[in-house]
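> Build me a model:
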Amino acid sequence: MRLYSYKMTHDSGFAPNPFGECLTLATCKPYIRMNDNVEKGTWIAGFSSVALNRDAVGCERLVYLMEVSEKLPIGDYYKDSRFQNKIPDISAKSAIERAGDNIYELLPSGDQEDYTHYRQVKNPSHWDIKQDKPHMGCQKEDISGENVLIAKTFYYFGRKPLVIPDHLRPSVPKGSSVYGNLTEGQKAGDFIDFIKTYKKGLIHLPHTFDADEKTCSSCAPKPTKKAPKTTCAPPNQNPARRAATQSH
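Numbering: from 1, shown residues only. Now for the predicted structure:
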């Protein structure tokens, strides 16, 4: 069993996008998305960070966990009828419709590896808001990841990230890591089995969902209002864990 863990600096419902039947990671984290070892059955975990919600190093909580069920080239993702609902419509009243991550259409006869051969759909996350045009820096980074990771099985804790008992914690980077940290074997299995005691799917909304945050990752201004600082809490002090334990 293979698990890659990384720390999230932003959680707006864009990367990953947890809405609909599947969770998708279509933008950001290009080195994870292009990794040949990330294939069907690989697990990806996104943890909190100081930048996201002031969780200290060593006290990171789980924002989401996904099992990769499919790995689709970015150009194919846009055309796939299953994911048309993830093409953003920034004029929509629904925040979910505005948050779509399916933003890159490969131009006719375009080279999938050339980031300039894509049309970027106007979106609230990787768009140059000031100049009202595609943000080519974000586009170059996104397309370099080559693939979209798709998960039918996922657990998304969002703005209420989950405390992980110390003896079950996988390897989590101390800082930013483009490749993520790898955990394998029994250690990965024990962590995943623990998360499987929770219900699947979208459990809580993202941290800054529908907030006034215009971009994500390195393109983004940090939220002006920070979340309260958290401390590491033992599992028996986690209400969500107690409730899940009592229901199994």
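> Name the surrounding residues that touch whichever helix in the chain runs longest.
Ranked by residue count under DSSP state H, the longest helix found in the chain is helix 185-195. Helix 185-195 has contacts (Cβ atoms under 8 Å, 6 or more residues apart in numbering) with 1-3, 43, 45, 62, 65, 155, 162, 164-165, 168-170, 183. C-betas here are computed from N, CA, C, even on glycine.
> before we move on, what about stretch 73-92?
With Cβ under 8 Å, 6+ apart as the criterion, stretch 73-92 contacts 17, 19-20, 22, 24, 26, 72, 97-106, 110, 112, 118, 121-124, 142-143, 145-148.
> Give me the buried entries from those residues.
Neighbour-count burial (16 or more other Cβ atoms under 10 Å) is assigned, among the contacts of stretch 73-92, to 17, 19, 22, 24, 26, 72, 97-106, 118, 121, 123-124, 142-143, 145-148.
> Low-confidence stretches in the protein?
210-248 (pLDDT under 70).
> List the residues that contact the residue lying farthest from the centre of the chain.
What lies farthest from the middle of the chain is residue 109; by Cα atoms, centre = their mean that is 30.2 Å. Contacts for residue 109 (Cβ under 8 Å, 6+ apart) come out as none.
> Report the secondary structure state of it.
The three-state label given to residue 109 by DSSP: H, G, I helix; E, B strand; the rest coil is coil.
> where does it fall, phi/psi-wise?
phi 60, psi 20 (degrees, to the nearest 10).
> The chain should start at 764 in everything you say after this.
Renumbered: residue one is now 764, and that last one reads residue 872.
> Where do the helices of the protein begin and end?
793-796, 813-816, 837-842, 858-861, 899-907, 948-958, 1002-1009.
> Quick one: those helices as JSON lines, columns for distance to residue 893 too.
Output for the helices of the chain, formatted as JSON lines (distance: least, Cβ to Cβ, whole Å):
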{"stretch": "helix 793-796", "distance to residue 893": "24"}
{"stretch": "helix 813-816", "distance to residue 893": "22"}
{"stretch": "helix 837-842", "distance to residue 893": "26"}
{"stretch": "helix 858-861", "distance to residue 893": "19"}
{"stretch": "helix 899-907", "distance to residue 893": "13"}
{"stretch": "helix 948-958", "distance to residue 893": "40"}
{"stretch": "helix 1002-1009", "distance to residue 893": "40"}
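> between the ones you listed, which one is nearest to residue 972?
helix 858-861 (6.5 Å; Cβ to Cβ).
> what's that closest one in contact with?
Helix 858-861 has contacts (Cβ under 8 Å, 6+ apart) with 776, 782, 848, 851, 852, 853, 855, 886, 887, 972, 973.
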